[in-house]
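Enquirer: heads up, no residue letters with this:
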């Protein structure tokens, strides 16, 4: 269901910003080569992982463009 939501938003030609635990959208998480800090949320824009965050915005750790984790 969540994956379908992401697809629907992308199909609307809107900008989709997501800040969820990494397991909510595994396809986004799996685009990263490295796991984030324990307990971190994964910020993504239009399905592209962008940063690891603290859930309420206390900190942010930007991620570079990385290859897929093997």
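Expert: Here it is on my side, so go on. Since this is a predicted model, take the numbers as computed values, not measurements.
Enquirer: does anything pack onto the helix or strand of the chain with the lowest mean pLDDT? Which helices or strands?
Expert: Least confident element among the helices and strands of the chain, by mean pLDDT, DSSP states H and E: helix 2-11 (a mean of 77). Applying 3 or more C-beta pairs under 8 Å, 6 or more residues apart in numbering; DSSP states H and E, one finds that helix 2-11 makes contact with helix 26-29. Where C-beta positions appear, they are placed from N, C-alpha and C, glycine not excepted.
Enquirer: can you give me the buried ones in the helix it packs on?
Expert: In terms of neighbour count (16 or more other C-beta atoms under 10 Å), helix 26-29 has its buried residues at 28, 29.
Enquirer: could you report the distance from residue 28 to residue 42?
Expert: 7 Å (C-beta to C-beta, to the nearest Å).
Enquirer: now the common contact residues for the two.
Expert: Shared contacts of residue 28 and residue 42, defined by C-beta atoms under 8 Å, 6 or more residues apart in numbering, comprise 18, 22, 49.
Enquirer: for the strand or helix carrying the first one, packing partners?
Expert: In this structure, residue 18 is located in strand 17-20 according to DSSP states H and E. Judged by 3+ C-beta pairs under 8 Å, 6+ apart, the packing partners of strand 17-20 are strand 41-45.
Enquirer: one more time with 10 Å
Expert: helix 2-11, helix 26-29, strand 41-45, strand 48-53 (3 or more C-beta pairs under 10 Å, 6 or more residues apart in numbering; DSSP states H and E).
Enquirer: which one of those is the most hemmed in?
Expert: Of the helices and strands packed on strand 17-20, the one with the most neighbours on average (mean count of other C-beta atoms under 10 Å) is strand 41-45, at a mean of 20.
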